[in-house]
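Colleague: fold the following.
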Amino acid sequence: MSSKYPLFLIFFILILGSCKSIKPENPPAPTNQDVFSAKSIINVPISIPLSLFEENLNENWNSQLFSDKALNLGSGLFADLDVNRTGKISLRALGNNSLQVKIPMNLKGDLKIEKKVFGQVLSTSIPFNENISPEISFVPEIGKNWDLVVKNLNIDNWGRSLKYNLLGFEIDLDPIVRGQLHNVLDKQLSLSNLSRLDFKNMAQETWNAFSEPYSLEFGEVQVHFYAVPTRLKVRDKVSIDQKLNLYLGIEGEMHSKVGAKPQLKPVPLPDIEDNENEDNVLDIVLPLTLRYEDLDVQLNKAISGQNIRADKNTVLIPDNLKTQQYGDKILLGMDFKAIRNEKKEVKGKIFFAGMPVFDRDSESLKFDNVEFDVKTSDFLARWGIKSKRRKIQKQIEKLAIIPLGGFLKGASSELAHQGYLETGFATFKVVNPNLVVEDITNTAETIQIFLRAKGEMDVQLKSLK
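Modeller: Modelled structure (predicted):
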């Protein structure tokens with residue numbers, strides 16, 4: 001009999017030695033110090049057919065472009081001039097990001113001369129009535145104040161000469177008509193009359209929608225997500241397929257808060273930056289930040305009071321579970337009582353430390369690479385539980401699951417709802433945001449689950465009338 005004790009002792013020592021001791025009061029330092037970025041981007045291409053601008057131009061322009069009398073042409077020459085639009089304005093795209101507008105118009109008036117000839121005042125006038133179709137090119141650009149700035153405006157061609165001969169005097173109406181027409185075009189081809197597109201309001205509404213907090217239920221807590229936008233980018237580009245393309249980009253950092261909804265101050269629009277990105281991009285990172293006390297509620301529901309069978313004679317019933325950071329892992333510490341057939345009840349503490357991972361098949365948070373330890377004043381009970389640790393571990397692993405599928409579905413729906421934006425000229429909506437768990441990290445106070453949504457924005461233009 002005595003020869004068996006050394007083998008028994010060796011077996012006993014191996015079991016105890018194979019269990020790594022967990023010390024919650026002295027946890028290992030985390031090795032992963034990288035912070036996952038919650039930087040988020042929305043980039044929306046908006047294509048506006050030039051035909052919409054053209055319709056608006058034809059609706060808004062008055063038939064009379066300008067009228068003036070006794071315009072001084074120099075050298076005793078004067079002109080009364082009425083310029084009226086006579087037909088439909090046409091608009092087309094040229095190269096070099098420029099537009100050309102063609103305006104059929106009528107020039108009507110009188111050329112007058114007052115000259116002293118051999119001491120006599122000679123006064124006469126010649127009426128004129130001419131139809132012309134000048135072609136005017138310009139480059140549209142979004143200005144710093146979000147107005148549509150007309151740059152490099154140039155009258156390329158009048159359609160005919162504006163030079164006249166009056167009693168041997170050559171009169172060129174080009175300079176005076178050009179100057180007047182420049183003034184008219186600068187006003188008429190501005191934001192309010194060219195397109196009725198309120199770019200600033202469009203950017204402000206998009207900016208506000210990106211900043212607005214939205215809330216989701218996670219178990220028994222409310223999680224509020226909100227963005228702090230930091231950059232606003234825009235570029236306009238005229239394409240040869242007769243469209244004005246706007247590329248609006250917003251960048252910011254996403255945050256989350258558990259409990260009361262955050263009271264955020266409006267963030268003013270920043271200065272506009274040039275947008276080099278012409279892709280349709282929705283890339284939102286939602287940092288689901290959970291406090292350990294919130295995690296405790298979820299896991300206590302799943303584990304506390306459950307029967308964990310160590311062997312046919314022993315059942316462990318866990319209770320009062322609490323979580324904390326344990327290096328790169330999360331430690332689940334729980335009280336237990338062991339109910340044993342024909343033996344007294346034993347109480348103690350079970351420690352279960354695992355790496356939080358997302359299981360795509362079950363759409364749930366699980367624990368991997370598990371460490372297990374047990375502490376109890378009953379030496380033999382401790383040895384018995386440790387000898388069954390694999391069996392106990394597997395049962396705890398099956399119970400220690402936090403379902404995320406419902407939350408992911410709700411977050412995806414809320415993103416689609418939040419991404420629906422109605423403006424005066426277009427409707428914006430998120431198209432099928434695909435939400436996945438991108439990363440999981442833990443800190444001394446929280447566990448962060450980073451959800452990434454990728455998709456596109458659909459833009460439906462309204463009438464510009």
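
Colleague: need the pLDDT of the nearest residue to residue 227 once chain neighbours are set aside.
Modeller: Distance criterion CB to CB, 6 or more residues apart in numbering; nearest residue to residue 227, sequence neighbours excluded, is residue 252 at 4.5 Å. Backbone N, C-alpha and C define where each C-beta goes, glycine included. What the model reports as pLDDT for residue 252 is 91.

Colleague: where's residue 252, which helix or strand?
Modeller: strand 243-258 (DSSP states H and E).

Colleague: which helix or strand lies directly C-terminal to that strand?
Modeller: Downstream of strand 243-258 (by DSSP H and E), the next one is strand 272-274.

Colleague: for that next one, buried residues please.
Modeller: Counting neighbours by 16 or more other CB atoms under 10 Å, one finds that the buried residues in strand 272-274 are residue 272.

Colleague: list the buried residues in the longest strand seen in the chain.
Modeller: Longest strand in the chain, counting residues (DSSP state E): strand 221-239. For strand 221-239, the neighbour count (16+ other CB under 10 Å) marks 223-227, 229, 232-238 as buried.

Colleague: against which helices or strands is it packed?
Modeller: For strand 221-239, the packing partners by 3 or more CB pairs under 8 Å, 6 or more residues apart in numbering; DSSP states H and E come out as strand 39-49, strand 135-142, helix 199-211, strand 214-218, strand 243-258, strand 272-274, strand 281-291.

Colleague: and that strand with strand 243-258, angle?
Modeller: With axes from the mean of the first three to the mean of the last three CA atoms, to 10 degrees defining the directions, strand 221-239 sits at 170 degrees from strand 243-258.

Colleague: partners of strand 221-239 in the sheet?
Modeller: Using DSSP bridges, strand 221-239 pairs in its sheet with strand 214-218 (antiparallel), strand 243-258 (antiparallel), strand 272-274 (parallel).

Colleague: how far is that strand from where the chain is centred?
Modeller: 4 Å (CA atoms, centre = their mean, to the nearest Å).

Colleague: same check, this time on stretch 338-355
Modeller: On CA atoms, centre = their mean, the centre of stretch 338-355 falls 50 Å from the chain's centre.

Colleague: tell me where the stretch 301-450 of the chain has helices.
Modeller: Assigned by DSSP state H, counting those that start in this stretch, the helices in the stretch 301-450 of the chain fall at 379-387, 389-399, 405-418.

Colleague: quick one: mean pLDDT over the second one.
Modeller: Going back to what we said before, that points to helix 389-399. So the average pLDDT for helix 389-399 ends up being 93.

Colleague: count the neighbours of residue 98 for me.
Modeller: By the criterion of other CB atoms under 10 Å, residue 98 has 16 neighbours.

Colleague: show me what contacts it?
Modeller: 137, 138, 139, 152, 238 (CB atoms under 8 Å, 6 or more residues apart in numbering).

Colleague: hmm, try it at 6 Å
Modeller: Counting by CB atoms under 6 Å, 6 or more residues apart in numbering, residue 98 makes contact with 137, 139.

Colleague: give me the phi and psi angles of it.
Modeller: Per-residue torsions, residue 98: phi -120, psi 160 (degrees, to the nearest 10).

Colleague: check it and give its pLDDT.
Modeller: Note on residue 98: pLDDT of 90.
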